[in-house]
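Trainee: 3D model of this:
(4 chains)
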Protein chains: 2
Amino acid sequence: MSMGNNYELYKVFYWAAKTGSLSQAAKVLYLTQPSVSHAIKQLEESFGLSLFYRNAKGVELTQEGAVLYSYIEQSQILITLAEEKMAALKNLDSGELRIGGSDSLFKHYLLPYLEQFHEAHPGVKLHLNHGTTPEIMAFLKEGRIDLGVVRMPIVDSQLEVKESFQLQDCFVAGARYADLKDEMLSLERLLQHPIILFSRNSRARMTITELFQSYGYSIKPEIEVGSVDLLIEFARRGLGISYVTREFVSKELEDGSLFEVRLDVPLPPSHVGILTMRNMPVSSAASAFIRLVR
Amino acid sequence: MSMGNNYELYKVFYWAAKTGSLSQAAKVLYLTQPSVSHAIKQLEESFGLSLFYRNAKGVELTQEGAVLYSYIEQSQILITLAEEKMAALKNLDSGELRIGGSDSLFKHYLLPYLEQFHEAHPGVKLHLNHGTTPEIMAFLKEGRIDLGVVRMPIVDSQLEVKESFQLQDCFVAGARYADLKDEMLSLERLLQHPIILFSRNSRARMTITELFQSYGYSIKPEIEVGSVDLLIEFARRGLGISYVTREFVSKELEDGSLFEVRLDVPLPPSHVGILTMRNMPVSSAASAFIRLVR
DNA sequence: GTTACCCATAGACACGGTCTATATCTCCTG
DNA sequence: CAGGAGATATAGACCGTGTCTATGGGTAAC
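Mentor: Reported below is the predicted structural model:
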């Protein structure tokens, strides 16, 4: 008989050797004793070697059987570990979740979800990659992250976009401009004050630039800053009027250190979307996180 | 779906991951592509996890799939090694052969066979355990040797006895007793000369003692020695007449340094038998050796 | 002697692994 | 842009084989 066995036979062999009894092995494997007997016989015939001594008390490995066992034992242990590991991955007791997004979204919006997820699944390692929207999209396509959280709209045939939540950008000012608090400003009037914008090529920056252009104006910031924190801080200190996401300054709006500057034209809401690869399976950790956020 | 897969699926998974293609895996495993596709699907459903990304070029491991692979790869390699090892054992390119026997049998009779066997199967390690017949029998029953080579007769229900070759014990003397060369001695006449016997409780010693008793005589050695080599050496130096196995002194008989002292009664031949455990499989190395000797 | 436990064997059945045929998708090429 | 090549997925049928029950034989222990 030739080599190239059904690997199932090794499982039977493993338990027969481990328990020293074909009957015991049968119990462990939920088989009958004749099935185990037959399986061992198949192995022995395939090798042309005897693997066990049979006696009244059970079976005992022959010299050759002991050699086989030394290999098969390790192999079976690895498979068992693999199955346990897969179960852990499935249950989110293990694994990792790699999310891409902008710094500000992480800090001001996703943080509670991340905390909640980590608390529920402490075994899952979180990897947060921040970057611009195009970078996030590239990371996704390279397989370096499992999902991306970015501002809409996104048009990319390779990506699956789930609209998640809505953010409202707005202009805010501090005490220095308190006289604007009860006013409803036109764009022209707004532009008479110093404007503070985010410096990087963010979607928010592009959106507001386009909006002013559509009304025939050009918005040129007095100050450009590199982080949402600075946008807020500069507005509070009265250096100008900042264009920020309202949800990111809810604390300041509440305690009165900032107030919203109302305009006579509507500012379009911006949507945040969750990106995954289209037609590709989503890891269970990622889908659990998406379920949590939506 | 629950855990506890058919391990055969892991073989399919291994090759699919290794080749990065279900079609290639199918070729390697002599299956069709749909079979492989189906097998992978079963695994994925059993874990509740996706293992591969499918694309137009083939398949690629997901994060979870890569985790599984890290375990399964080792496992499969071990199984492959195990199968190679078993083939080597079967072909006698590997393994060990443990033989029990008396020192003199090893030295004077089995040596050429051992050399021949070692030359034919250099990969098989030889373990030679010497001891008395009862010790050899005990070794066998304890599983410490694969076969024993001892003088017959042996009566033991647990042991399988194969008669192997025949030895003829005889009395030999050196030049000092040259006058006996052409004579045919009676037992009585023999006993007038100093006799040299093996001191240990060997079967040969027992046999000759019984023989003399059956004729009404009692044989009492002038000298007792502890090895066959000394039996020969003492006889050559004229210290007496030694009782030895003729085959062990063939060299000395040929070159004339010893001659056989002929008796007027026949000395019974002694048989050498090969012992193995009854109703227990014999290792392929052992059965190859037995085939060689007989 | 008898019991109780092992393993081996024989024969029947049913499940599932494998096949063929076909569909669908993507990439590449002319 | 159409079409071919090559990848995987799906559907359905069949055959092989792994498993079962029933039974036999052997050994150890009481």
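
Trainee: so the residue of chain A found nearest DNA strand C is in which element?
Mentor: With C-beta to the nearest atom of the strand, the shortest gap between chain A and DNA strand C falls at residue A:34, namely 3.0 Å. In this view, the C-beta of every residue, glycine as well, is placed from N, C-alpha and C. Per DSSP states H and E, residue A:34 falls inside helix A:33-47.

Trainee: quick one: buried residues of the helix or strand bottoming out on mean pLDDT in chain A?
Mentor: Within chain A, judged by mean pLDDT, DSSP states H and E, the helix or strand with the poorest mean is helix A:103-105; its value is a mean of 78. Buried residues in helix A:103-105, counted by 16 or more other C-beta atoms under 10 Å in any protein chain shown: A:104, A:105.

Trainee: which residues make contact with that helix from outside it?
Mentor: Residues from elsewhere that reach helix A:103-105, judged by C-beta atoms under 8 Å, 6 or more residues apart in numbering or on different chains: A:130, A:149, A:150, A:227, A:228, A:245, A:248, A:272.

Trainee: What is the burial count for the residue of chain A closest to DNA strand C?
Mentor: Counted with other C-beta atoms under 10 Å in any protein chain shown, residues neighbouring residue A:34 total 10.

Trainee: now residue A:267
Mentor: If you count neighbours by other C-beta under 10 Å, residue A:267 ends up with 16.

Trainee: Was I right to think it contacts residue A:168?
Mentor: Yes. The pair residue A:267 / residue A:168 is scored as a contact, 7.1 Å apart, by C-beta atoms under 8 Å.

Trainee: before we move on, the earlier item: what's next to the next helix or strand after the least confident helix or strand of chain A, contact-wise?
Mentor: Helices and strands here follow DSSP H and E; after helix A:103-105, the next one along the chain is helix A:111-120. Outside helix A:111-120, the residues that touch it by C-beta under 8 Å, 6+ apart are A:92, A:97, A:99, A:106, A:124, A:126, A:128, A:288, A:289, A:292, A:293.

Trainee: ok and the helix or strand harbouring residue A:67 relative to helix B:33-47, angle-wise?
Mentor: Counting by DSSP H and E, the secondary-structure element that holds residue A:67 is helix A:63-90. Angle between the axes of helix A:63-90 and helix B:33-47 is 70 degrees (criterion: axes from the mean of the first three to the mean of the last three C-alpha atoms, to 10 degrees).

Trainee: From the chain's centroid, how far away is the following helix or strand past helix A:63-90?
Mentor: Of the helices and strands lying after helix A:63-90 in sequence (DSSP H and E), the nearest is strand A:96-101. Going by C-alpha atoms, centre = their mean, to the nearest Å, the spacing between the C-alpha centre of strand A:96-101 and its chain's C-alpha centre is 4 Å.

Trainee: touching chain B at all, strand A:96-101?
Mentor: Yes. Legend: contact between strand A:96-101 and chain B by C-beta under 8 Å from any C-beta of the partner chain is shown at residue A:96.

Trainee: by contact count, what packs against that strand?
Mentor: The criterion is 3 or more C-beta pairs under 8 Å, 6 or more residues apart in numbering or on different chains; DSSP states H and E, and the helices and strands that strand A:96-101 contacts are strand A:125-130, helix A:133-142, strand A:147-151, helix A:284-293.

Trainee: The third one and chain B in contact?
Mentor: No. Using C-beta under 8 Å from any C-beta, strand A:147-151 stays clear of chain B, with a minimum separation of 12.3 Å.

Trainee: And the next helix or strand past that strand?
Mentor: Beyond strand A:147-151 on the C-terminal side, the first helix or strand identified by DSSP H and E is strand A:159-167.

Trainee: Taking helix A:284-293 as reference, get the angle to that next one.
Mentor: Note on geometry: by the same axes, to 10 degrees, strand A:159-167 and helix A:284-293 are set 30 degrees apart in direction.
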